[in-house]
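> Predicted structure and sequence below. I'll ask about it afterward.
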Amino acid sequence: MKPEVYKRNLAARAFDVARYLLFWGIPTNIGQVTSIRTLERQIRRLKASEYGELRSLGEEIGEACAREPDCVWARVARSLWPDPGAAR
């Protein structure tokens, strides 16, 4: 393995390990692929928790899901390929 490839792999693994050592309050850009039904169930469970931090997290996730996605690529796509029906 080339030294630069080894260093990249080592840094990526170190980051993954370090992420598990951080407390929950530090965002690490973890995503989740799930069905809407599962997501709704998770949000309900968080909101019903006896712990205020989890209830707050449930509220925050619910609000984030209700907003329009803040996706740079969606804005780029809309500017490149505008909706032909919108100009009418």
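Yep, it's here.
> mind checking which helix or strand the nearest residue to residue 62 once chain neighbours are set aside is in?
Counting by C-beta to C-beta, 6 or more residues apart in numbering, the nearest residue to residue 62 once its immediate chain neighbours are dropped is residue 43, at 5.1 Å. Using the backbone N, CA and C atoms, a C-beta is placed for each residue, glycine as well. Using DSSP states H and E, residue 43 sits in helix 36-47.
> which SSE is residue 50 in?
Taking DSSP H and E as the definition, residue 50 sits outside all helices and strands.
> give me the low-pLDDT residue ranges for this protein?
Residue ranges of the chain with pLDDT under 70: 22-30, 70-72, 74, 84-88.
> Would you point out which residue is most central in it?
By C-alpha atoms, centre = their mean, the chain has its centre lying nearest to residue 31, at 4.0 Å.
> Could you look up the SS state of it?
Per DSSP: H, G, I helix; E, B strand; the rest coil, the local secondary structure of residue 31 is coil.
> Likewise for residue 68?
Here residue 68 is coil, with the state taken from three-state DSSP.
> let's number from 367 now, not from 1
With the count now opening at 367, the last piece we talked about shows up as residue 434.
> Quick check on it: phi, psi?
With angles defined as degrees, to the nearest 10, residue 434 sits at phi -70, psi 140.
> In contact with it: list those residues for me.
Contacts for residue 434 (C-beta atoms under 8 Å, 6 or more residues apart in numbering) come out as none.
> what packs against the helix holding residue 409?
For helix 402-413, the elements it packs on are helix 418-432, judged by 3 or more C-beta pairs under 8 Å, 6 or more residues apart in numbering; DSSP states H and E.
> just the angle between the helix it packs on and helix 402-413, please?
Here the directions of helix 418-432 and helix 402-413 differ by 150 degrees (axes from the mean of the first three to the mean of the last three C-alpha atoms, to 10 degrees).
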